[in-house]
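Peer 1: Need a 3D model of the following:
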Amino acid sequence: MNRPHRTLPNVLAAALLAAVLPLAGCGGGVKEDPILRLSAAESLTQGKELLAREKYRAARPYLSHAFEVEPNSVAGREGLLLLADSYYLDGGVTNWIQAEAKYRDFLNRFPTSDQAAYAQYQIANSLSKRVEKPNRDQTATSKALAAFEELLRLYPTSEYTAEAQAEIEALRHRLAASEFVVGDFYLRYRQPAGAILRFENLLEEFPDYDERDKVLFHLGLAYAQSRVPADRAKALETFERLRTEHPESRWVAQIPDDLPRLEGSGDEAAGEPPPPEVLAGEPSRGDGVSQR
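Peer 2: Predicted coordinates:
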């Protein structure tokens, strides 16, 4: 009994392969990328020319090739750094994320490079570009702040020190403003414990915040809103602190007139909410604060 022939598929496969290979060599198949024929120096030169013309996406294959061909050469290192620059300059959240990753890759590979401070500076800038408004998540703000502080720690004499210090001040102000927004949210929705926690933390963690008078005023309101008897006395103390530390502040005029009622006894001392008029001294619309 004859068995089926089992080698025919192999024969056909070999024949097809033999027919396809010549086509690939004579232009009938996938063409070889001409960038692959360039040396690292040649590829870097063309990539830099495209960068100068703000052709960021077109430059990336050349810069990437320069690094991949000779990763430890001068051209290769510059290619990787300029590749990161191409993402950063192109802009947009996705590109800034890519830029951060490339700068970190450069710094991890070449920590002793004379461009290490620049790479760290750009890591911080890539994060700073993604900072959200004070009423949004501040993860990127905290990371950017840490990256700028790392720059000052590792490279205290670099040419980026002044810019880093300015960015640190701005980012700290952003974090403080975010703390205030959250505290104000709790206050508006009559959750004084949360408001007190945020306002107290703001005053402690950001002593250089330039709107401390506003924070003290709202902290006083939060204490006044609290059902905890001891917090009523703290409201009086906080408003007095506002008068003493910031006598010229516009917020002093907004302190409620009926403060003696906060010292009451009986039902108030037992934890009843403060009278509604305690919150009546809030600035009007146009003052730049959230409305309740």
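
Peer 1: Give me the three-state assignment for R250.
Peer 2: Three-state call for R250 (DSSP: H, G, I helix; E, B strand; the rest coil): coil.

Peer 1: how many neighbours does it have?
Peer 2: Number of residues near R250 (other Cβ atoms under 10 Å) recorded here: 12. Where you see a C-beta, it was placed from the backbone N, CA and C, and this is true even at glycine.

Peer 1: Tell me how far it lies from D213.
Peer 2: 8 Å (Cβ to Cβ, to the nearest Å).

Peer 1: Kindly report the same for A144.
Peer 2: Taking Cβ to Cβ, one finds A144 at 27 Å from D213.

Peer 1: quick one: which of those two has more around it?
Peer 2: Neighbours were counted for A144 and for D213 using other Cβ under 10 Å; A144 has more, 25 against 19.

Peer 1: give the contact list for the more buried one.
Peer 2: A124, L127, S128, R130, V131, E167, L171 (Cβ atoms under 8 Å, 6 or more residues apart in numbering).

Peer 1: Find the pair from the residues you listed with maximum spatial separation.
Peer 2: R130 and E167 (13.4 Å; Cβ to Cβ).

Peer 1: Have a look at these two and say which one is more surrounded.
Peer 2: More crowded of R130 and E167, by other Cβ under 10 Å: E167, with 21 against 16.

Peer 1: out of everything not next to it in sequence, what's closest to that one?
Peer 2: F148 (5.1 Å; Cβ to Cβ, 6 or more residues apart in numbering).

Peer 1: Which parts of the helix or strand harbouring the one you found count as buried, going by neighbours?
Peer 2: Taking DSSP states H and E as the criterion, F148 maps to helix 139-154. Within helix 139-154, the residues that count as buried by 16 or more other Cβ atoms under 10 Å are A140, T141, S142, K143, A144, L145, A147, F148, E149, L151, L152.

Peer 1: surely the first one meets S126?
Peer 2: Going back to what we said before, that points to A140. No - A140 lies out of contact with S126 (Cβ atoms under 8 Å); the separation is 9.6 Å.

Peer 1: one step back: just the closest of the contacts of A144 to E240, please.
Peer 2: Once Cβ to Cβ is applied, the member of the contacts of A144 that ends up nearest E240 is L171, at 32.3 Å.

Peer 1: As a check, name the ranges of all helices in the stretch 101-250 of the chain.
Peer 2: Using DSSP state H, counting those that start in this stretch, the helices of the stretch 101-250 of the chain run over 116-128, 139-154, 161-188, 192-205, 212-225, 229-245.
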